[in-house]
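Participant: Give me a model of this one.
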Amino acid sequence: MNTRLSSLPSGCSLRPAAATDAWSIRKLVLSAKLDPTQLRWSQFWVIEHEKQVIACGQLRSFPKAQELGSLVVAPQWRGQGLGTYLTQHLIQQATQPLYLECLGKKLVQFYTRLGFVPVPWQELPPSLKRKFGLSAIAASLFRLPITLMRYLDSV
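Facilitator: Alright, predicted model coming up:
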């Protein structure tokens, strides 16, 4: 899988998040209706334009695994490759097998294009089975289209 980074739109830059980005990150995550309870600004990378955070993504570490999570692009910036760029960057930062959880077929297609494949809950490392266990139950009970995925070229 080729993970060569695409390019960012003019005037945009990628950087590790700073403490001053915490509220911007929380706002983006809440606007996407994602779980805001596991946000640690120090685990995020952000893309900014004119000093405004317009995209963010988190790389969380667990025993023997990492999770790509809370990937959000501001609505007015979608469709310009920011999500792809940020995902590719987080893949390159990963030092352990990389997993994620996504909701809906559109996101599964997005992540599949970037080298992720669906994995059953049973094949997750123990540390992620605990984390994703509730999601697996909710998906089953409420027939939610939640998919667990692993990056194929994970280390």
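Participant: CA only for contacts and neighbour counts going forward, please
Facilitator: Fine.
Participant: Run through who's touching the lowest-mean-pLDDT helix or strand in the chain.
Facilitator: Least confident helix or strand of the chain, by mean pLDDT, DSSP states H and E, is helix 126-142 with a mean of 78. The contact list for helix 126-142 (CA atoms under 8 Å, 6 or more residues apart in numbering) reads 62-65, 101, 121-122, 144-146.
Participant: The longest strand along the chain pairs with which strands, parallel or anti?
Facilitator: If you go by DSSP state E, the chain has its longest strand at strand 52-62. Paired neighbours of strand 52-62 in the sheet (DSSP bridges): strand 44-49 (antiparallel), strand 65-73 (antiparallel).
Participant: In TSV: these, plus mean pLDDT and mean neighbour count.
Facilitator: Shown next, in TSV, are the strands paired with strand 52-62 (pLDDT from 0 to 100; neighbours: other CA atoms under 10 Å):
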stretch	mean pLDDT	mean neighbour count
strand 44-49	97	21
strand 65-73	95	23
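Participant: CSV for those strands, including distance to residue 33?
Facilitator: Output for these, formatted as CSV (distance: least, CA to CA, whole Å):
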stretch, distance to residue 33
strand 44-49, 18
strand 65-73, 10
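Participant: Relative to residue 117, tell me which of the ones you listed wins on proximity.
Facilitator: Checking the strands paired with strand 52-62 against residue 117 by CA to CA gives strand 65-73 as the closest, at 13.5 Å.
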